[in-house]
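In: Give me coordinates for this.
(one chain, ligands or ions: 2)
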Amino acid sequence: MPFSIREFEALARDRLPRYVYDFMAGGADDEVTVRANENAFARLRLLPRVLRGRPKRDLGITLFGDEITMPVVLSPTAFHRLADPEGELATARAAARAGTVMIASMASTASIGDIAKAGGADLALWFQAYIQSDTGITRTLVRRAEDAGCRALVVTVDSPVFGWRERDHRNGFHHLPVGWHCENMRDLTGDGGVLDIEMVADLSWDHIDQLVAMTDLPVVLKGVLHPDDAVTAVDHGVRGLLVSNHGGRQLDTAIATIDAVADIAAVVDVPVLVDGGVRRGTDVVKALAFGARAVGVGRPVLWGLAARGEDGVTEVLELLRAEIDRALALTGCASAHEVARDLVREDRC
Ligand SMILES: Cc1cc2nc3c(=O)[nH]c(=O)nc-3n(C[C@H](O)[C@H](O)[C@H](O)COP(=O)(O)O)c2cc1C
Ligand SMILES: O=C(O)C(=O)c1ccccc1
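Out: Ligands and ions are numbered 1, 2, ... in the order given. Reported below is the predicted structural model:
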């Protein structure tokens, strides 16, 4: 069994067709931000406390009333069937087993209803949506998420247009293999077809007002990086923020997310999550120190899924759990809530 997420990535790379690995690993333009997300974690150094007498650690946290067993959620990623034949159904089972949140992508290769069934009653399932230009379509997607028992709605706002992914262009990867579809986009117009997901360039805060009014589910904005946008979001009824640069797949040279999260957590009272470049338990502790309630992982889940299916996702999540537990012990913290800002220092060199 691999000993680290890095080793899972190597296994996945060996197993996947080149164009699939490139789609998953790659990002926009020169991939500066893909690398920056990971490098920014490495640049931060921990300043541990000693002799605080803690027999064991509590990794649990609460999100919108649901208790989850560790401060790690599965960020939404498209097309899990490219990684494993069971696709999102395997991911949902692994998330349920781990006792954490799965954020299912609108671009899933299984429908939100089928994902909910696979995960079972214990899975805290959230749905990620791109707001569509036709409000009726957006409303239908929201109803499907509600009917599936989703506990929150995550609206991705960093994608008014699609990022320029050079690897995909080089590989000619623009569509799913024949016969596979974004199952959430089926039967939206009454003709039994599957709609393409639109990136909508004129999205505005009005759309967020509309969406918040459309549902009783808590709305989380994904892709906020500027503290002023975070404050505005809360003013518009948004109940949580996922600080994200889409894993470096949208705006290249965007700030590393761990460098953005503290300034956002400082100005809002809602739960703040962060994703991008989390590969070790120590990364999670750094995010908690900067005020995040939890982190999201995108690619690590895909590496587990590609390497060993459902068990691979479980192994990735359990590796992270063990690493977080060890990092908490070694920094002198008894729980996720005890991680204080002064545990992290910028590296001086
Ligand atoms: C292959 C792939 C597909 C993704 N698809 C989506 C998506 O459908 N919706 C979305 O909001 N974010 C999507 N993302 C972004 C992730 O939710 C997340 O922000 C990012 O992967 C976090 O960085 P990490 O991969 O370094 O953990 C995708 C990321 C990857 C790598
Ligand atoms: O690849 C992505 O990052 C992504 O967000 C996406 C969205 C819709 C369809 C396919 C991929």
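In: from here on, contacts and neighbour counts on C-alpha atoms
Out: Fine.
In: List the contacts of the residue in the stretch 151-300 of the chain positioned nearest to ligand 2.
Out: Nearest residue of the stretch 151-300 of the chain to ligand 2: residue 249, at 5.8 Å (C-alpha to the nearest ligand atom). Residues near residue 249 by C-alpha atoms under 8 Å, 6 or more residues apart in numbering: 26-28, 31, 34, 163-165.
In: can you give me the end-to-end distance of stretch 100-115?
Out: 14 Å (C-alpha to C-alpha, to the nearest Å).
In: So what's the gap between it and the chain middle?
Out: 12 Å (C-alpha atoms, centre = their mean, to the nearest Å).
In: And the pLDDT for the residue of the stretch 151-300 of the chain closest to ligand 2?
Out: Here, the pLDDT recorded for residue 249 equals 99.
In: Pull up the gap between it and ligand 1, please.
Out: Relative to ligand 1, residue 249 is positioned 7 Å away (C-alpha to the nearest ligand atom, to the nearest Å).
In: Does at least one residue of stretch 25-36 sit close to ligand 2?
Out: No. Residues of stretch 25-36 contacting ligand 2 under C-alpha under 6 Å from any ligand atom: none, with a closest distance of 8.0 Å.
In: List of residues touching that stretch?
Out: Contacts of stretch 25-36 (C-alpha under 8 Å, 6+ apart): 163-167, 247-256, 276-277, 299.
In: Stretch 141-161 too?
Out: 64, 103, 112-113, 116, 124-131, 184, 199-203, 215, 217-224, 245-246, 250.
In: Narrow those to those that are buried.
Out: 103, 112-113, 116, 124-131, 184, 199-200, 217-224, 245-246, 250 (16 or more other C-alpha atoms under 10 Å).
In: In helices only, show me these.
Out: 112-113, 116 (DSSP state H).
In: Show the residue spans covered by the strands in the stretch 51-200 of the chain.
Out: Listed in chain order, the strands of the stretch 51-200 of the chain (DSSP state E, counting those that start in this stretch) span 61-63, 66-68, 72-74, 101-104, 124-129, 152-156.
In: Rebuild these as TSV, extending it with mean pLDDT and distance to ligand 1.
Out: As requested, the strands of the stretch 51-200 of the chain are exported to TSV (pLDDT from 0 to 100; distance: least, C-alpha to the nearest ligand atom, whole Å):
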stretch	mean pLDDT	distance to ligand 1
strand 61-63	98	18
strand 66-68	98	19
strand 72-74	99	8
strand 101-104	99	8
strand 124-129	99	6
strand 152-156	99	5
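In: Any idea which of these gets closest to ligand 2?
Out: strand 152-156 (8.7 Å).
In: Just the buried residues of that closest one, please?
Out: Buried residues in strand 152-156, counted by 16+ other C-alpha under 10 Å: 152-156.
In: And for stretch 264-272?
Out: 264-265, 268, 270-272.
In: Rebuild those residues as JSON lines, extending it with pLDDT, distance to residue 85 and secondary structure.
Out: Shown next, in JSON lines, are the buried residues of stretch 264-272 (pLDDT from 0 to 100; distance: C-alpha to C-alpha, whole Å; DSSP: H, G, I helix; E, B strand; the rest coil):
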{"residue": "264", "pLDDT": "98", "distance to residue 85": "39", "secondary structure": "helix"}
{"residue": "265", "pLDDT": "98", "distance to residue 85": "39", "secondary structure": "helix"}
{"residue": "268", "pLDDT": "99", "distance to residue 85": "41", "secondary structure": "coil"}
{"residue": "270", "pLDDT": "99", "distance to residue 85": "37", "secondary structure": "coil"}
{"residue": "271", "pLDDT": "99", "distance to residue 85": "34", "secondary structure": "coil"}
{"residue": "272", "pLDDT": "99", "distance to residue 85": "33", "secondary structure": "strand"}
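In: quick one: is the longest helix belonging to the chain near ligand 1?
Out: The single longest helix within the chain, with elements called by DSSP H, is helix 299-331. Yes. Contact of helix 299-331 with ligand 1 (C-alpha under 6 Å from any ligand atom) involves residue 299.
In: Which elements pack onto the next helix-or-strand element following that helix?
Out: Counting by DSSP states H and E, the next helix or strand C-terminal to helix 299-331 is strand 344-346. For strand 344-346, the packing partners by 3 or more C-alpha pairs under 8 Å, 6 or more residues apart in numbering; DSSP states H and E come out as strand 44-46.
In: model confidence over the strand it packs on, on average?
Out: The model assigns strand 44-46 a mean pLDDT of 98.
In: same question, stretch 79-95
Out: For stretch 79-95, the per-residue pLDDT averages 98.
In: ok, residue 121 to ligand 2 distance?
Out: Counting by C-alpha to the nearest ligand atom - residue 121 and ligand 2 are separated by 27 Å.
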